[in-house]
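> predicted model, plus sequence, below.
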Amino acid sequence: MKRLKLWLWIGALIVLLTVPGVALYRSARQTPEQSQHTEVKIDPESFDRFVGQYRADVDPDSIFSVWREDQKFYVQRTDGPKIEIFAEGESKFFTRIIDAQVIFETAGLVLRQPDGSREPLKKISDKPIIEVQESFEKREYMIAMRDGVRLHTMVFRPMNATEKVPVILHRTPYGVGVFNSQLVNRQHKELVKDGYIFVLQDIRGRYQSEGQFVMLRPPRDRKIANSTDEGTDAYDTIDWLVKNVENNNGRVGMMGASYDGWLTAVATLEPHAALKAVSIEAPMTDTYLGDDFFHNGAFRQSMGYEFLKSFESSKESVPFKLDADAYDWYLGQKSLSKITEQLGGKLPTWEAFVAHPNYDDFWKARASQRYLTKTSVPTLVVGGWFDPEDFFGVFATYEALEKHDTNNQNSLVVGPWDHGGWKKGFGRTLGELNFGSPTALHFRGQIRAPWFASYLKGTAKPALKEAVTFQSGSNQWVSYDTWPPRNTAARDLYLRGGKKLSFEPTPPDKSDEFATYVSDPANPVPYRARPIDSMFPPEDEESGWHTWLLQDQRFLKDRADVVAWQSEVLDRDLTLTGDIVARLFAATSGTDSDWIVKVIDVYPEDEAQKDLAGDQLMVASEIFRGRYREGFETPKPITPEEVNEYVIDLHGINHCFKKGHRIMVQVQSSWFPLYDRNPQKFVENIFKAQPSDYQPATQRIYQSARYPSRVTLPVAR
């Protein structure tokens, strides 16, 4: 899919104009002395022929408006700030902040980017869309918690409100000091329109707040007077807000994604009476079983290292960038023990990884699905099908709350997004996929905003069913009374000889009993195409991390250590809605092993969208560390050559394999460097493994009647 860059410089301007003290896109930024452009005077009325709306065919949701106010000329992108441009000719204009131009032509205009590229836009209307932003009064407070620790809090109160309005509270460890009125307008446009007081807070021990930060702080012991946790900090903050912030109506909502999603969830444990609704988005829920740090016991090496280098190196987050291909860098460390040695005990959570390699009480105390129970607060649990960080947490949180939801006030929304992709932009595309509509805009405007308004402002309750999910493949929103939906049938898709997949089980013969490959820790399978960039680079650099789950898996086609089975061409659509489970019968010559299973949608070579012809789109995947086959608490070595069954949850899905496509299943034993390499020799603690412990192993994936490896699919009836 052609990628439109027309907002490259507008995006830079937005950041420069709305975030105080942040100077991104430095290479493009211009000072008056450096400017290559000279302003000339033109007849202001001559500009009126350019006034109107402009749009690019490949980005139909973004409208670029142009207008004049007396002798000044302005442009504004949908959701962006008003930006003044200056004439350097009758039809050529520039901005003074970065080196970019707007050049008007007969049928439209051309945006010249800071990198020199040019993007054409067509004129679609003579009437510009001028978005007027809400004016907020900004105040900052240090709010005292019950133990005397004070938390830095910013309050944005709408200055034009004609009635008392509710509060939207967002608590975060990532810093709120950069926020101003323009940024609130930009990030919460749909909610701003409805009228709210916005409150942002640095949590305990982060940025400008006092106290000590604890990663995913466990719930307090309620028997101890004045004990605290993140839930009590939310309670105390809400109590102060409703008593001290002018013009509030006594109702508070909370929302947040990722760590902030977990913070929102735990506020429901001992909720303040004023807390009336929470949107829990991509929450960190169980970072051992399936979220950021481990999946099924396999350590997410690059996430753990790079996130913590960015997050725990100081009280404030800092950009972190490797100076090399991440694959080469991590392979060059030889073992996790060397990374631990280099860190020198400076990152507390890394030290916890080393001390707690198994699913012990340390991790269980921090797994919120284990302590989230019945709550009086209506909840909206939100996630993205292509979230590479906290996809597990969405369903784990929803299911934990659903067990106690006797009042039918727990709902699920999952869309075609990466981590937090619903919070910004339009959501029409991700990677090479085009979903045919602005999915993120739909969620913010048609689902979340009216949902909050119904609980916080007393408006009519939206017609929201138990679960609303976007079905990829068919590109449509679908609503369900339950999740998983009732109207599905579990069908086993068998791995068969000849690298084929079939809904028919393997006949009872012994030919082609297994597929085999050699897994070599010295040459692990990359999890995405190389070179692999850093996950959390400076904000003026893009990272492939956010879209790697959508990457065409053909980049692995020449690797002998990735085994693939493929179905015949589908003669009708096949829709999967619910949970996918792989049942893998496998043996290894080693005494430990990782097993990765991926379910892939194989596009036909004559695909209408040419850049997806032959594409291998991964729609479900997961890793399992073999030592934990009998439980995550107690690892056990694998008996060499012994066949074991591994049941691997590939999690929720709502995807339509279209007629003419094929289904593929891939199996491999490394996913590097996202996951650490399994030594394939059992050691008590992989974090303490030495380079000499890593050894090649011969793997067998069984596909026989006796050992029927298969993937159980939730097929919609």
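Nice, I can see it.
> from the chain's centroid, how far away is stretch 592-609?
Taking C-alpha atoms, centre = their mean, to the nearest Å, the mean C-alpha location of stretch 592-609 is offset from the chain mean by 21 Å.
> got the buried residues for that stretch?
592-604 (16 or more other C-beta atoms under 10 Å). C-betas here are computed from N, CA, C, even on glycine.
> average pLDDT for that stretch?
The pLDDT scores in stretch 592-609 average 96.
> just use 58 as the starting number from now, easier for me
With 58 as the first residue, the last one maps to stretch 649-666.
> end to end, how far does it reach?
This stretch, stretch 649-666, spans 43 Å end to end (C-alpha to C-alpha, to the nearest Å).
> swap in stretch 415-428?
End to end - C-alpha to C-alpha - stretch 415-428 spans 20 Å.
> what residues does it touch?
In this structure, residues lying in contact with stretch 415-428 by C-beta atoms under 8 Å, 6 or more residues apart in numbering are 272-273, 275-276, 319, 322-323, 326, 340, 342-346, 354, 409, 412-413, 450, 453-454, 456-457, 685, 689-692.
> tell me the buried residues in it?
N415, Y416, W420, K421, R423, A424, S425, Q426.
> repeat for stretch 323-342
In stretch 323-342, counting by 16+ other C-beta under 10 Å, buried: 323-329, 331-342.
> over to stretch 553-562?
R553, G554, L558, S559.
> and these, which is closest to F729?
Nearest to F729 out of the buried residues of stretch 553-562 is L558 (C-beta to C-beta; 26.0 Å).
> check contacts around that closest one.
L558 sits in contact with L550, Y551, L552, W622, Q623, S624, I720, M721, V722, where contact means C-beta under 8 Å, 6+ apart.
> now render those residues as a markdown table, adding pLDDT and neighbour count.
Shown next, in a markdown table, are the contacts of L558 (pLDDT from 0 to 100; neighbours: other C-beta atoms under 10 Å):
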| residue | pLDDT | neighbour count |
| --- | --- | --- |
| L550 | 98 | 22 |
| Y551 | 98 | 21 |
| L552 | 98 | 28 |
| W622 | 98 | 24 |
| Q623 | 98 | 17 |
| S624 | 98 | 19 |
| I720 | 98 | 21 |
| M721 | 98 | 20 |
| V722 | 98 | 25 |
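> out of those, what pair is the most spread apart?
Spatial extent of the contacts of L558 (C-beta to C-beta) is set by the pair Y551 and M721 at 13.7 Å.
> for F419, give me phi and psi.
phi -60, psi -50 (degrees, to the nearest 10).
> test my guess that A334 contacts A510.
No. Under the criterion of C-beta atoms under 8 Å, A334 is not in contact with A510, lying 9.5 Å apart.
> surely V470 meets F500?
Yes. In this structure, V470 is within contact of F500 by C-beta under 8 Å, at 6.6 Å.
> overlap in contacts, the two.
Shared contacts of V470 and F500, counting by C-beta under 8 Å, 6+ apart, come down to V439.
> any regions of this structure where pLDDT drops low?
58-92, 567 (pLDDT under 70).
> tell me where it has helices.
In the chain, the segments counted as helices under DSSP state H are 65-75, 238-244, 246-251, 287-301, 316-323, 358-368, 383-389, 393-400, 405-412, 418-421, 448-459, 496-499, 506-513.
> can you put the ones you listed in a markdown table and add distance to F213?
Below are those laid out as a markdown table (distance: least, C-beta to C-beta, whole Å):
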| stretch | distance to F213 |
| --- | --- |
| helix 65-75 | 13 |
| helix 238-244 | 5 |
| helix 246-251 | 9 |
| helix 287-301 | 12 |
| helix 316-323 | 17 |
| helix 358-368 | 26 |
| helix 383-389 | 39 |
| helix 393-400 | 39 |
| helix 405-412 | 32 |
| helix 418-421 | 37 |
| helix 448-459 | 28 |
| helix 496-499 | 23 |
| helix 506-513 | 16 |
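> of those helices, which is nearest A639?
Evaluated over the helices of the chain, closeness to A639 peaks at helix 448-459, with 15.5 Å, by C-beta to C-beta.
> one step back: in strands, which of the buried residues of stretch 649-666 appear?
Using DSSP state E, the members of the buried residues of stretch 649-666 that fall within strands are D651, W652, I653, V654, K655, V656, I657, D658, V659.
> who does the fifth one bridge with?
By that I understand K655. S678, Q723 (DSSP bridges).
> okay, the most centrally placed residue in the chain and P445: tell me how far apart.
Centroid-nearest residue in the chain: H476, 0.6 Å away (criterion: C-alpha atoms, centre = their mean). Counting by C-beta to C-beta, to the nearest Å, the separation of H476 from P445 is 6 Å.
> got any residues that touch both of these two?
Joint contacts of H476 and P445 (C-beta under 8 Å, 6+ apart) are H603.
> now do the end-to-end distance for stretch 362-380.
Terminal-residue distance, stretch 362-380 (C-alpha to C-alpha): 14 Å.
> quick one: terminal-to-terminal distance for stretch 584-596?
Span of stretch 584-596 from end to end, C-alpha to C-alpha: 23 Å.
> residues near F270, how many?
If you count neighbours by other C-beta atoms under 10 Å, F270 ends up with 17.
> is it correct that it is in contact with Y264?
No. Counting by C-beta under 8 Å, F270 stays clear of Y264, with 9.8 Å between them.
> quick one: contacts for D348?
M341, T342, E446, D447, F449, G450.
> same list (those residues) but as a markdown table, adding distance to Q466.
A markdown table is the format used below for those (distance: C-beta to C-beta, whole Å):
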| residue | distance to Q466 |
| --- | --- |
| M341 | 23 |
| T342 | 19 |
| E446 | 27 |
| D447 | 23 |
| F449 | 23 |
| G450 | 20 |
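> quick one: which two of those residues are the most distant?
Spanning the widest gap among the contacts of D348 are T342 and E446, at 11.3 Å by C-beta to C-beta.
> do me a favour and get the end-to-end distance for stretch 312-329?
Stretch 312-329 has an end-to-end distance of 15 Å (criterion: C-alpha to C-alpha).
> right, I mislabeled it, should have said stretch 734-745
13 Å.
> please spell out which residues along it are buried.
Buried, per 16+ other C-beta under 10 Å, within stretch 734-745: R734, N735, P736, Q737, K738, F739, V740, I743, F744.
> how far is it from where the chain is centred?
30 Å.
> what does that stretch contact?
Stretch 734-745 has contacts (C-beta under 8 Å, 6+ apart) with 355-356, 393-394, 397, 410-411, 414, 576, 578, 581, 645, 647-651, 682-684, 692, 694-695, 726-727, 733, 746, 750-754.
> could you flag which of these are buried?
355-356, 393-394, 397, 410-411, 414, 576, 578, 581, 645, 647-651, 682-684, 692, 695, 726-727, 733, 746, 750-751, 754.
> verify the stated contact: L379 with W386.
Yes. Taking contacts as C-beta under 8 Å, L379 lies within contact range of W386: 5.1 Å.
> between those two, which is the more surrounded one?
More crowded of L379 and W386, by other C-beta under 10 Å: L379, with 19 against 16.
> quick one, phi psi at that one?
Torsion angles at L379 (phi, psi; degrees, to the nearest 10) stand at phi -80, psi 150.
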